[in-house]
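Novice: just need the structure, nothing else, for what follows:
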Amino acid sequence: MNSFTSIRRAEPGDTTDIMRLLVNTADWLLSKGSSQWNGLLRGEDSHNTPEAINRGDVFIFKQEDQTAGIVMLLRNPSAWDLELWHDRLDQPAIYLHRLATNREFAGQGVGKRIMQWVDTEVPTWGSNLVRLDCIANNQALNSFYSSLGYERLGTAKNNLGEFSKFEKQV
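Specialist: Reported below is the predicted structural model:
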């Protein structure tokens, strides 16, 4: 699989499919010993994904009729972002959340290709800075973002744990 058959803003009708993908991802992470996104397994969604879909902030990547992955891109920082990025809010950025790939496409570079799309899409929005965070103790995920040119700017803590903060000029 070299490319997606479609990339589009998610629509309200995609919500069930997207939430299923997120919960399946959280379940897979838990099976690997990670607590990342485990709130989703309890019905808690710190990023209010259905509302983000309604606002047009979620993008869906399809391969034929299957969802290969999703990503949430926020033009304005969420409450979560304000908490973690409070010391760097002077420069506008796009905040990336909920990068998730369908496990049926594991090993096919879906996450990397979604992130490459982000690198080319975000500048068309008039921004050249992408920020994201991930759980600090997930070395594979931290290495993934570093390998894509994201600079790790340290960590931040909140009531859900410690998170690595990354940003990239695109």
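Novice: and the strands in the chain?
Specialist: 6-9, 58-63, 66-74, 94-101, 129-135, 151-158, 161-169 (DSSP state E).
Novice: where in the chain is pLDDT low?
Specialist: 1-2 (pLDDT under 70).
Novice: run the last query once more with 50
Specialist: Scanning the chain for pLDDT under 50 picks out 1.
Novice: and the helices in it?
Specialist: Applying DSSP state H to the chain gives helices spanning 15-31, 49-55, 79-84, 110-121, 139-147.
Novice: what is the burial count for F163?
Specialist: By the criterion of other CB atoms under 10 Å, F163 has 22 neighbours. C-beta: built from backbone N, CA, C; applies to glycine.
Novice: residue contacts, it?
Specialist: Taking CB atoms under 8 Å, 6 or more residues apart in numbering, we find F163 in contact with L84, D133, C134, I135, A136, T155, A156, K157.
Novice: in PyMOL, select just the buried ones from the residues you listed.
Specialist: Listed next is the PyMOL selection for buried residues among the contacts of F163, using 16 or more other CB atoms under 10 Å:
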select buried, resi 84+133+134+135+136+156
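Novice: nearest to Q36 among the strands of the chain would be which one?
Specialist: For Q36, the closest of the strands of the chain is strand 129-135, at 4.4 Å, according to CB to CB.
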